[in-house]
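Visitor: What follows is a predicted structure for the sequence shown.
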Amino acid sequence: MVQRRVQLECGYVLHRRPYRDTSLLAELWTVEQGRVGVVVRGARRAGSGLAGLIQPFRPLLLSWAGRGELASLSGAEADGPAPWLQGAGLLSGFYLNELLMRMLQRYDPHAGLYAAYVAALHGLMADPRRQALEGVLRVFEKRLLEELGYGLVLDSAADTGAPVEPEVSYVYHFGAGPMRANKGDSATALRVWGRSLLALAREQLDEPESLRDAKRLMRGALAPHLGDKPLHSRRLFAVYRVRES
């Protein structure tokens, strides 16, 4: 098996947890290597500066070496200030990280998605209002699916090829696309307005209605790829909103 040795790779920490007595296991998300699992030896020893660096959302320069699925981190240094996330913005960041953990294979780089992730973190920091945060999440979900080859058809009808019309109601068929709604559609069909589909296509989700439609659409599109295990970040969101209400 080939020895991997990587020096000063731009990346972020998606997740970390204690390992043995003094170490950490961390999942990294890097621009050129994709998702990488590493052991951070001695990070929890007194005086180690690594525990403070190996944190989500902080841009890092990372070095590691090893064979197989799990490498050993050999160095880490800050590559700029960490976005200041709190409250719903912080939970939104954890949601992004959990999506990447669940949907990406290790050592499968996606430079475009990496750029979208960086943009999303800065978007979460820029405007903490709920509507703005929801827009950032929906755009990232859309770009994630596109990058992985599961992009949605948003601007043309799946059955006729005609352009989506803003004032028309559509039923979205995953694997095909939107089709004009009619009286024979199932009561459980996913109905969305044409204007919502077009807003998502433009990545300009400024209206509450478009945000609601986009959230239902993206949740349905992501479900087959996430499996039956619930997302921990969604449970945290639910608790947070109850406390804030």
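Guide: Sure, I can see it. Numbers count the residues shown, from 1 in each chain.
Visitor: Got the domain ranges for this protein?
Guide: For the chain, automatic domain parsing gives the domain ranges 4-78, 88-244.
Visitor: quick one: contacts of the longest strand anywhere in the chain?
Guide: If you go by DSSP state E, the chain has its longest strand at strand 4-19. Contact with strand 4-19 is made by 24-33, 35-36, 39-40, 44, 54-67, 71, 75, 79, 97, 100-101, 117, as judged by C-beta atoms under 8 Å, 6 or more residues apart in numbering. Placement of C-beta: from N, CA and C, glycine included.
Visitor: can you give me the helices in the chain?
Guide: For the chain, applying DSSP state H gives helices covering 50-53, 88-103, 111-126, 130-147, 194-202, 208-226, 232-244.
Visitor: Pipe these into CSV and attach mean pLDDT, distance to residue 185 and mean neighbour count per row.
Guide: CSV is the format used below for those (pLDDT from 0 to 100; distance: least, C-beta to C-beta, whole Å; neighbours: other C-beta atoms under 10 Å):
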stretch, mean pLDDT, distance to residue 185, mean neighbour count
helix 50-53, 86, 53, 15
helix 88-103, 96, 30, 20
helix 111-126, 95, 33, 17
helix 130-147, 96, 24, 20
helix 194-202, 98, 15, 21
helix 208-226, 96, 15, 17
helix 232-244, 82, 28, 12
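Visitor: Redo these as TSV? Include distance to residue 159.
Guide: Formatted as TSV, the helices of the chain follow (distance: least, C-beta to C-beta, whole Å):
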stretch	distance to residue 159
helix 50-53	53
helix 88-103	29
helix 111-126	30
helix 130-147	21
helix 194-202	14
helix 208-226	18
helix 232-244	33
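Visitor: Could you identify the buried members of the contacts of strand 4-19?
Guide: Among the contacts of strand 4-19, those scoring as buried are 24-31, 33, 35-36, 39-40, 44, 54, 56-58, 60-64, 66, 71, 97, 100, 117 (criterion: 16 or more other C-beta atoms under 10 Å).
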